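Return atomic coordinates for the entry below.
(chains A, B, C and D)
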There are 2 protein chains.
Amino acid sequence: MAVAAKDLHGTLDALILKTLSWGPRHGYAIARWLEDTSADELVIEEGSLYPALYRMERRGWIEAEWGESELGRKAKLYRLTTVGRRQLRAETEEWARFAGAVSRILLPA
Amino acid sequence: MAVAAKDLHGTLDALILKTLSWGPRHGYAIARWLEDTSADELVIEEGSLYPALYRMERRGWIEAEWGESELGRKAKLYRLTTVGRRQLRAETEEWARFAGAVSRILLPA
DNA sequence: GTCGAATGCCTTGACTGTCTAGGTACCACG
DNA sequence: CGTGGTACCTAGACAGTCAAGGCATTCGAC
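Okay, the predicted model is just below:
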């Protein structure tokens, strides 16, 4: 029973971009994948997810297209753009630097 | 010239608590110490710092007392309380779990 | 002597991102 | 027929951070 992170504080975009780097996915599947992959340590609230997807689409990081889910249901499939791929690289580096700095201070050497 | 983290997204409290775990310090010194220790990768804005200190004092994590800085100037010295020490432990664990989960997803194995 | 930079504290206002808590619709299963 | 899973969406509140100011003191350089 993982307690799960309460707040994604700014990492959601990067996590979504990373998920999409494995191939197109629809919103619901993105959330599922992230939760599964993190062993439920990360919880993606839908009220955070969908606004994030719009935001990122508006910024040109991802593109949407209506299609079908694996189960044959109507689903909006998101795909990484070139700009999004670049953004992913930038955010990943930024995370590595930030998390490294915080960890060096907080965590026992 | 490190580009520095733009946004502390929720880690400021833990960072302050950790700083104070080495002994009492005043606000300005907390910011200095964090920036120095992180080699300027973390930047503590004063508009974030002071509200955070009030917040934490209100919650009983720290206690303030007027005194003098190392340079003999008037300064408000903050000290960790027992509750604050417990809070630091909790936030540290939370950070380790969260940062671990995000890193496992974002960063190359 | 005065001027700038550093020390030290503080406030206001806006913004961004997340969360809570709802809602819709469809489908499968018991 | 009701429940639970899939899939999308929205409104409203809230918290934390930031930018950009302000004030007072001290100290060294010019």
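
Next, give phi and psi for A:L17.
Note on A:L17: backbone dihedrals following degrees, to the nearest 10 are phi -60, psi -40.

what's the answer for the one 3 residues further on, then?
When read as degrees, to the nearest 10, the backbone of A:L20 gives phi -70, psi -20.

So it versus chain B, what's the distance?
Noted for A:L20: a distance of 12 Å to chain B, by CB to the nearest CB, to the nearest Å. Glycine gets a C-beta too; all of them are placed from N, C-alpha and C.

swap in A:K74?
Distance, A:K74 to chain B, using CB to the nearest CB: 28 Å.

Repeat that for A:L34.
Going from A:L34 to chain B by CB to the nearest CB gives 7 Å.

Quick check: phi and psi at that residue.
Residue torsions, per degrees, to the nearest 10, at A:L34 are phi -60, psi -40.

got it, and A:T19?
Torsion angles at A:T19 (phi, psi; degrees, to the nearest 10) stand at phi -60, psi -40.

got the contact list for it?
Contacts for A:T19 (CB atoms under 8 Å, 6 or more residues apart in numbering or on different chains) come out as A:25, A:30, A:33-34.

One more pass at 10 Å, please.
Contacts of A:T19 were listed using CB atoms under 10 Å, 6 or more residues apart in numbering or on different chains, and they are A:25, A:29-34, A:37, A:44, A:78, A:80, B:105.

Can you say which of the residues you listed are also within reach of DNA strand D?
Of the residues in the contacts of A:T19, proximity to DNA strand D by CB under 7 Å from any atom of the strand holds for A:A29.
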